[in-house]
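What shape does this take:
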Amino acid sequence: MGAVVEVPRPMSPGRLRVALVASAVLLCLSMACAETGSQPAPPDRPAVPATSDPPSSGSRPGRYEGRNFSFEYPPQWSVVEEPTVPGVDIQIRGGKERPAVDPTLTAVSDRGFKESFESLVNLFELGPISVVPDREVLGRRPIRVEGAQDALLIDQRATQYVRDGRAVAPEEVRDGDEPVTLRQWTVLALGPGGVNVNVAMAAPAEEFRASRPEFQRIVGSLRLRP
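Numbers count the residues shown, from 1 in each chain. Purely as a prediction, here's the structure:
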C-alpha cells in the first residue's frame with residue numbers, strides 16, 4: 001500500500017473514536033490492563049444488540065450481531081462481560097487458563113466518518129498504537145470485507161508485559177514482569193455512510209500459527225451493515 005494522505009484537521013473526538021480506541025488494543029490486549037487514564041472516555045452511543053449466546057454444540061460457531069457489523073467466532077470462545085479496553089463494541093477471549101495471553105478479539109465501530117479510507121488508516125497509525133516501544137509492522141494487505149468499500153489487514157507484533165496473570169500497561173512495567181511477544185491482526189474497514197470498524201485479533205507470537213485458521217475464519221465472516 002502506498003503512502004497514506006496527511007491526516008485532515010480539525011479532528012473531533014467522535015471521528016477519532018474507532019481509530020484511537022481500537023489502536024490501543026495492543027496496549028491492553030486481554031484481562032485487566034492497568035488503568036492509566038490515558039484513554040479518552042467514549043461518547044454516548046445507541047445500544048448495540050446483545051451478542052448471541054455461545055452455542056452448546058462444539059461444532060457451531062458463535063455469532064455477534066451488532067448495529068454496524070457482524071461476524072462469527074469459534075464455539076469455544078467466550079464473550080468478556082467487562083471489556084478491558086474502554087468503548088469497545090465487543091471483546092471475546094479464546095481461553096480461561098491464561099487470561100492475559102489467551103487469543104483475544106476486540107472490536108470497535110462507528111458511523112458517519114466523512115474522510116477517506118487512507119485518513120482512517122492514518123488515524124490508526126498515529127494513535128496510541130504508534131507509541132508501543134517495540135511495535136513491528138509485519139505487513140499490510142488489502143482484503144475484501146462484505147459491505148465495505150475498502151478494507152486493510154495490518155499484521156503486527158509487539159511485547160506485552162504480564163504480572164500475576166494480568167496485562168500491564170507499558171508505563172507500569174517493573175522488574176519481574178513477564179514479557180510476552182504478541183502478534184496481532186487488525187482489520188480496518190470503511191463502508192457506505194461512513195460505517196467503519198476495527199477488529200483486532202491477537203495471540204502469543206509462538207502460538208499464532210495455531211490461532212491463525214480461527215482468525216482467518218473470523219475475517220472471512222466479517223460483514224458491515226449499511
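
and the residue positioned nearest the centre of the chain, what helix or strand is that in?
Taking Cα atoms, centre = their mean, the centroid of the chain lies closest to Ala200, which sits 2.6 Å from it. Using DSSP states H and E, Ala200 sits within strand 196-204.

can you give me the mean pLDDT across that strand?
Average pLDDT, strand 196-204: 94.

Please name every helix or strand in contact with the lengthiest helix in the chain.
Longest helix of the chain, by residue count under DSSP state H: helix 208-221. Packing partners of helix 208-221 (3 or more Cβ pairs under 8 Å, 6 or more residues apart in numbering; DSSP states H and E): strand 69-73, strand 178-190, strand 196-204. The C-beta positions use only the backbone N, C-alpha and C, and glycine is treated the same way.

Helices of this protein, residue ranges please.
Secondary structure of the chain (DSSP H): helices located at 13-23, 117-125, 208-221.

circling back to that earlier point, now the strand holding Ala200 and helix 208-221, what's the angle there?
160 degrees (axes from the mean of the first three to the mean of the last three Cα atoms, to 10 degrees).

buried set for the longest helix of the chain?
Using 16 or more other Cβ atoms under 10 Å as the test for burial, helix 208-221 gives Phe208, Ser211, Glu214, Phe215, Ile218, Val219, Ser221.

cool, stretch 167-187 as well?
Across stretch 167-187, burial judged by 16+ other Cβ under 10 Å covers 167-170, 173, 177, 180, 182-187.

Greatest separation within those residues: which pair is it?
Spatially, the most separated pair among those is Asp177 and Val187, at 29.5 Å (Cβ to Cβ).

low pLDDT regions in this structure?
Where the chain drops to pLDDT under 70, the residues are 1-59, 95-101.

Just put the buried residues of helix 208-221 in a markdown table and tack on distance to Val195.
Below are the buried residues of helix 208-221 laid out as a markdown table (distance: Cβ to Cβ, whole Å):
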| residue | distance to Val195 |
| --- | --- |
| Phe208 | 29 |
| Ser211 | 27 |
| Glu214 | 25 |
| Phe215 | 22 |
| Ile218 | 18 |
| Val219 | 17 |
| Ser221 | 17 |
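
From Glu82, how far out is the residue lying farthest from the centre of the chain?
Taking Cα atoms, centre = their mean, the residue of the chain most remote from its mean C-alpha position is Asp175, at 28.3 Å. Per Cβ to Cβ, to the nearest Å, Asp175 is found 29 Å from Glu82.

ok, the strand holding Ala200: who's next to it in the sheet?
strand 104-110 (antiparallel), strand 178-190 (antiparallel) (DSSP bridges).

any chance of the ones you listed in a markdown table, plus distance to Ile143?
Listed next are the strands paired with strand 196-204 as a markdown table, based on distance: least, Cβ to Cβ, whole Å:
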| stretch | distance to Ile143 |
| --- | --- |
| strand 104-110 | 15 |
| strand 178-190 | 7 |
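
which residues does the closest residue to Val197 other than its chain neighbours contact?
Distances taken as Cβ to Cβ, 6 or more residues apart in numbering put Ser109 closest to Val197, at 4.3 Å, once the chain neighbours are dropped. By Cβ atoms under 8 Å, 6 or more residues apart in numbering, the residues touching Ser109 are Val18, Gly66, Arg67, Asn68, Phe69, Asp89, Val195, Asn196, Val197, Asn198.

which among the residues you listed end up buried?
Applying 16+ other Cβ under 10 Å to those flags Val18, Gly66, Asn68, Phe69, Asp89, Val195, Asn196, Val197, Asn198 as buried.
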